[in-house]
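Q: please find the sequence and the predicted model below.
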Amino acid sequence: MKIILLLVSLTYAVQGACQQSDKRKPHHESTRVVYYPTNETDTLYNHQNEYFLALFKLALAKVPNAVMEIKYVSMPSVPQGRSAALIEEAFYDIHWMVSNTERETRLAPIRIPLYKGLIGLRLAFVNKNNPDLLADVTSQAHLQNLVVGQGRDWPDTQILLNSQFNLITTTNTNALFDLLTIERIDYFPRSVIEIWAEHALMQHAKVMVDPHIAIYYPTAVYFFVRKNDMHLHGVIEKGLQIAIDDGSFEALFTQHFGGLLKRANLAKRQIFELDNPFLPKETPLADARLWFDINATHPE
């Protein structure tokens, strides 16, 4: 029944977007209407959704001569691969997604990492019965000998496998919490921007956030647009660059995630940095302005 309802919701949302798309055709007007997807039912990750929308609005505000009006397309939660298809089909114009080579081939990425790489900064859920499981971990080899839980189709799974981690995978997050509760897995990494919200929902379970380690690998979340929509691409890229230069990007980032980073107490953690060979070669890793500096919070 849930699957049927989701499909019905998506059908209506797509139909509504199709009707709205008719208004997009006359490009002779001075104001460009930009269709942006929203999901008012995703309460768990609402904080993240609010950040992306605020960043999108900030970028537009920095380029006032590019007169654009945002119209919202109400959508249920869909996988990012499906969202990429909806952009291609012009149901909406822009959305944030994790970058990979296939996605960058289909769409035009605005290569400014919106999370500054934080999606790849992972803390670990552990079982409350073993709160200090990771306290004495001082090497990657030690971590590799433990059993880590991951989603079967998550991009992180391939990154950990590439680093020779010992994985058990499942099809959904709830199953991973179940495996951790019955101690079939030793730990379960989640992004620093996700883990506290998820922990708040799991207070009844036998899980806790480990205070001892963190795992980091560079990962980029970008805004993506259609390949033929380079005007919107240029406006958002220019606006984000201006926001970086004048400090307003950093201020918004700190407003949304500064508290989470403080709570993570990275200076007290052993941080293990892994390679991510799956990043497209065009990823701007050399531009230090674009990335959260792990070393600044965790000096050698």
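A: Arrived safely. Please read all numbers here as calculations on a predicted model, not as lab measurements. Numbers count the residues shown, from 1 in each chain.
Q: rest of the way, CA atoms for contacts and neighbours
A: Noted.
Q: so where's the stretch 51-200 of the chain shaky on pLDDT?
A: Within the stretch 51-200 of the chain, no range satisfies pLDDT under 70.
Q: helices of that one, start to end?
A: Secondary structure of the stretch 51-200 of the chain (DSSP state H, counting those that start in this stretch): helices at 80-88, 101-106, 140-145, 155-162, 173-181, 195-201.
Q: reformat those helices as CSV; add mean neighbour count and distance to L118.
A: Supplementary listing: the helices of the stretch 51-200 of the chain in CSV, determined by neighbours: other C-alpha atoms under 10 Å; distance: least, C-alpha to C-alpha, whole Å:
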stretch, mean neighbour count, distance to L118
helix 80-88, 17, 18
helix 101-106, 14, 19
helix 140-145, 15, 20
helix 155-162, 16, 13
helix 173-181, 18, 20
helix 195-201, 15, 12
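Q: of all the ones you listed, which one is nearest S30?
A: Closest to S30 of the helices of the stretch 51-200 of the chain is helix 80-88 (C-alpha to C-alpha; 22.7 Å).
Q: tell me how far the closest one is from the chain's mean position?
A: Here helix 80-88 is found 15 Å from its chain centre; the criterion is C-alpha atoms, centre = their mean, to the nearest Å.
Q: can you name the residues in contact with it?
A: Y92, D93, I94, H95, M97, V98, R103, R106, L107, V225, R226 (C-alpha atoms under 8 Å, 6 or more residues apart in numbering).
Q: returning to what we had before: so which of the helices of the stretch 51-200 of the chain gets nearest N130?
A: Taking the helices of the stretch 51-200 of the chain one by one with C-alpha to C-alpha, helix 173-181 is closest: 10.7 Å.
Q: what is the closest one packed up against?
A: strand 121-127, strand 147-151, strand 187-191, strand 207-209 (3 or more C-alpha pairs under 8 Å, 6 or more residues apart in numbering; DSSP states H and E).
Q: can you do 7 Å?
A: Under the contact criterion of 3 or more C-alpha pairs under 7 Å, 6 or more residues apart in numbering; DSSP states H and E, helix 173-181 touches strand 121-127.
Q: report the distance from the strand it packs on to the chain centre.
A: How far strand 121-127 lies from its chain's middle: 17 Å, per C-alpha atoms, centre = their mean.
Q: same check on stretch 74-93?
A: The chain centre lies 16 Å from the centre of stretch 74-93; the measure is C-alpha atoms, centre = their mean.
Q: what about it, how long is it end to end?
A: This stretch, stretch 74-93, spans 13 Å end to end (C-alpha to C-alpha, to the nearest Å).
Q: hmm, back to that, ok, which pair from the contacts of helix 80-88 is furthest apart?
A: Counting by C-alpha to C-alpha, the most remote pair of the contacts of helix 80-88 is Y92 and V98, 17.4 Å apart.
Q: who's more crowded, these two?
A: Neighbours were counted for Y92 and for V98 using other C-alpha atoms under 10 Å; Y92 has more, 26 against 18.
Q: that one: what's its closest spatial neighbour, skipping adjacent residues?
A: Distances taken as C-alpha to C-alpha, 6 or more residues apart in numbering place Y35 nearest to Y92, at 4.8 Å, with adjacent residues excluded.
Q: mind telling me what element the one you found is part of?
A: Using DSSP states H and E, Y35 maps to strand 32-38.
Q: and that strand, what does it pack onto?
A: strand 68-74.
Q: partners of the strand it packs on in the sheet?
A: When pairing is defined by DSSP bridges, strand 68-74 lines up against strand 32-38 (parallel).
Q: what comes into contact with the strand it pairs with?
A: Strand 32-38 is contacted from outside by 24, 67-75, 92-95, using C-alpha atoms under 7 Å, 6 or more residues apart in numbering.
Q: so the closest residue to L134 other than its chain neighbours versus I119, what's the distance?
A: Nearest residue to L134, sequence neighbours excluded (C-alpha to C-alpha, 6+ apart): H212, at 6.1 Å. Distance, H212 to I119, by C-alpha to C-alpha: 19 Å.
Q: returning to that earlier point: I'd like the contacts of strand 32-38 as TSV, with distance to W154 appended.
A: What follows is these, written out as TSV (distance: C-alpha to C-alpha, whole Å):
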residue	distance to W154
R24	35
V67	38
M68	35
E69	34
I70	31
K71	31
Y72	28
V73	26
S74	25
M75	22
Y92	25
D93	25
I94	22
H95	19
